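*Asks:* any chance you can model this:
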Amino acid sequence: MALAYSVGDKVVHPAHGAGVVKKVVLRTIAGEPRQYYLIDPLAYDDMEIMVAVDKVKLIGLRGASKRSEIRRTLRTLKGSPKRVSSNYKERQQQISDKLSSPKLNHVAEAARDLAAFKREKQGRMGVTDNRLLRQAREAIAGELAIVEDMPFEQALARIDEELMLSEAESEAAKE
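*Replies:* This is a model prediction of the structure:
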């Protein structure tokens, strides 16, 4: 089977964010030998992710965005927000759907819209809304960091700046 990625390639895992392929390993799991990508995720220091080479499409592993896509994403963050539903179940479903999209711009829309909702609520959002906002911010920051070769924390600060989140709001979104 041909490898979609090589050692050193920058990739994005749908659940764990941006990372770098450290190596391709052969492991036998449940009696079945299989090749795996060993990925070092940017947002987690003590973690490695293994993705079976033959399950890349199923899992949704993709190459990191190009710089032009990152610039478009940053413009989306600054754009006019779309109003999210006041019904928390509908809102969380809308945001979750965007966060599960392979398109970084959809994740940016979710972050932008939730950040605007947070400002509208004067910083008072529920636990799930804050978790979804944190997830969106970290996903975008991870990809920005890996594409622009900058520290994750610096990329996260840039995302918060684009979203116009105050330091207190970004701290609350971490919880």
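*Asks:* now Leu99, nearest residue through space, not along the chain?
*Replies:* In this structure, Leu99 finds its nearest non-sequential neighbour in Ala110, 5.4 Å apart by CB to CB, 6 or more residues apart in numbering. Quick note: C-beta positions are derived from backbone N, CA and C, even for glycine.
*Asks:* Ala4 too?
*Replies:* Ala4 sits nearest to Val56 (CB to CB, 6+ apart), 5.4 Å away.
*Asks:* returning to what we had before: what's the helix or strand for the residue nearest to Leu99?
*Replies:* Per DSSP states H and E: Ala110 is located in helix 104-120.
*Asks:* with Val51 instead?
*Replies:* Here Val51 is assigned to strand 49-52, by DSSP H and E.
*Asks:* who does that strand pair up with?
*Replies:* With DSSP bridges as the test, strand 49-52 is paired with strand 32-41 (antiparallel).
*Asks:* which one's the longest strand in the chain?
*Replies:* Criterion DSSP state E: the longest strand present in the chain is strand 17-29.
*Asks:* can you list contacts of the helix holding Ala110?
*Replies:* For helix 104-120, the surrounding residues in contact (CB atoms under 8 Å, 6 or more residues apart in numbering) are 65, 69-70, 72-74, 76-79, 81-84, 91, 95, 98-99, 101, 125, 129, 132-133, 136-137, 139-140, 143, 159, 163-165, 169, 173.
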